[in-house]
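> Coordinates for the following, if possible.
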Amino acid sequence: MSRTQKSYEALAEEIITACNRHIGHYKEEVVIYSRRVENEYKRQVDQVLKMLAGHEDYGEQLTKIHAVLREYLYRMEWVGWCDCEFGPPLAIRCSDEEYALSILVYLSARLIDDSIDGHTSFKGVVPNLYGYLVKSMDEVEAAEINGLMGGLIYSAALRKLYRLGYAESADMLVGVYSEVFPGALAEAFCAGRPVSYEVYQAVVRHKAVAYDMMLHRVFFRQAEPGLRAGALRFLAEYSESAQWLNDLCDEKDDRTRGQMNLLNCPGQDRESVFQRILASFRGMWENSSDLFPPLRDVMAVRLLDSFKKFLETTCDEKYKKPFRSVENRIP
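From the prediction side, this is the model:
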């Protein structure tokens, strides 16, 4: 066993121990909190989508779209689970309706991105509206309608946030949205050709990191300033390294579709990207040693999610080896 492999097995052991400590103390509270947010989220989905339901003037046309979009949004409720994990141990109580509406704003951007990239489902598992539309019309028209629905959900959710008195969160979301779309557009215009690492990094920090910050900033809005700063710093670094991991795992698919990928940047290869990811994991964990212990334990849950991805995806076997010895201990 190499020194590097042993080092990362020790890292995995530490993270598993911290994760199990969090689960042992807070599992039931996290489940209760997450379910409450899920219920409120579904209620807000139904209210926002009323514009598509029950319009007798239009027959069944809008009703069909309503059913497909409602099912997609319901099944994407999981995007809010990760932040909910922080709630009980850190005594954070973001308003359920405030966070639920923020999830809708977040997913409106995903709908628009589906139109840009031509995604017919989420990861081949959750069918989306674009995939439904493209079965009965050409791709351009399907993309236009799907993007329109993303814009309608965005505006409807924001109006509700302002109306319910969550102006600070609404303003925050508007600001972050303006960071996300330059990254999404840059990615679209760079499709099919290699780009410098500097351009790739700028796109990731806008499209991926800023995108995730929509939810994180709202969730931690009322947390103690030092706690909020530590959590947001970790989550930003995590989002960036998670994109690198996606690139490593999705290299073949991205190449086929002409998508931007770190492996297409000059001087990058699978080994260098793999080492970059592992170094990032280690850095995030070691640099958080002085943070509030329950916060660090939740960070372990997030890092463990990435360890699982290494083991569950079609990455080369060599990139799974550092975690094989602890595989059976991962909760």
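> Helix or strand: which one has the closest residue to residue 242 other than its chain neighbours?
Closest residue in space to residue 242, ignoring its immediate chain neighbours: residue 306 at 6.3 Å, by C-beta to C-beta, 6 or more residues apart in numbering. In this view, the C-beta of every residue, glycine as well, is placed from N, C-alpha and C. Counting by DSSP states H and E, the element that carries residue 306 is helix 293-312.
> quick one: the residue nearest to residue 242 from residue 85, how far?
14 Å (C-beta to C-beta, to the nearest Å).
> Look at these two and report which has more neighbours.
residue 85 (21 against 18; other C-beta atoms under 10 Å).
> What residues does that one make contact with?
By C-beta atoms under 8 Å, 6 or more residues apart in numbering, the contact list for residue 85 reads 22, 30, 298, 301, 302.
> where's the closest residue to the last one other than its chain neighbours, which helix or strand?
In space, not counting the residues next to it along the chain, residue 302 is nearest to residue 238; the distance is 5.6 Å by C-beta to C-beta, 6+ apart. Mapping residue 238 onto the secondary structure by DSSP H and E places it in helix 225-249.
> packing partners for that helix?
helix 211-219, helix 270-287, helix 293-312 (3 or more C-beta pairs under 8 Å, 6 or more residues apart in numbering; DSSP states H and E).
> So what touches the last one?
Contact with helix 293-312 is made by 12, 14-16, 18-19, 21-23, 25, 82, 85-86, 89-90, 227, 230-231, 234-235, 238, 241-242, 245, 249, 277, 281, 284-285, 288-289, 291, 319-320, 323-324, 327, 330-331, as judged by C-beta under 8 Å, 6+ apart.
> That one: how far from the chain's middle?
Helix 293-312 sits 14 Å away from the centroid of its parent chain (C-alpha atoms, centre = their mean, to the nearest Å).
> what does stretch 43-56 give?
On C-alpha atoms, centre = their mean, the centre of stretch 43-56 falls 25 Å from that of its chain.
> middle-most residue in the chain, spatially?
For the chain, the residue nearest the mean C-alpha position is residue 212 (5.5 Å; C-alpha atoms, centre = their mean).
> Run through the residues that contact that residue.
Contact analysis of residue 212 by C-beta under 8 Å, 6+ apart lists 235, 236, 239.
> Select the longest helix from the chain.
helix 3-48 (DSSP state H).
> in the chain, which ranges drop under the pLDDT threshold?
1-6, 53-61, 312-331 (pLDDT under 70).
> rerun that using 50 as the cut-off
Counting by pLDDT under 50, the chain has low-confidence residues at 1, 3, 6.
> how about residue 188, what does it touch?
116, 117.
> mind running it again at 10 Å?
Residues in contact with residue 188 (C-beta atoms under 10 Å, 6 or more residues apart in numbering) are 113, 116, 117, 203, 207, 259, 260.
> And for residue 158?
101, 102, 104, 105, 108, 166, 169, 170, 171, 173, 174, 177 are the contacts of residue 158 under C-beta under 10 Å, 6+ apart.
> swap in residue 204?
By C-beta under 10 Å, 6+ apart, the contact list for residue 204 reads 183, 187, 210-211, 239-244, 247, 260, 262.
> hmm, try it at 7 Å
By C-beta atoms under 7 Å, 6 or more residues apart in numbering, the residues touching residue 204 are 240, 243.
> Over to the one 10 residues further on?
Residues counted as contacts of residue 214 (C-beta under 7 Å, 6+ apart) are 102, 105, 106, 173, 176.
> The same query, at a cut-off of 6 Å, please.
106, 173, 176 (C-beta atoms under 6 Å, 6 or more residues apart in numbering).
> how much space between the nearest residue to residue 199 once chain neighbours are set aside and residue 258?
In space, residue 199 comes closest to residue 190 once its chain neighbours are excluded; the distance is 6.8 Å by C-beta to C-beta, 6+ apart. Here the criterion is C-beta to C-beta. By it, residue 190 lies 9 Å from residue 258.
> Looking at these two, which one has more neighbours?
A count of neighbours by other C-beta under 10 Å puts residue 190 above the other of residue 190 and residue 258, at 17 against 12.
> got the phi/psi numbers for that one?
Dihedral pair for residue 190: phi -90, psi 0, per degrees, to the nearest 10.
> just residue 288 next, same as before
According to degrees, to the nearest 10, residue 288 has phi -100, psi 10.
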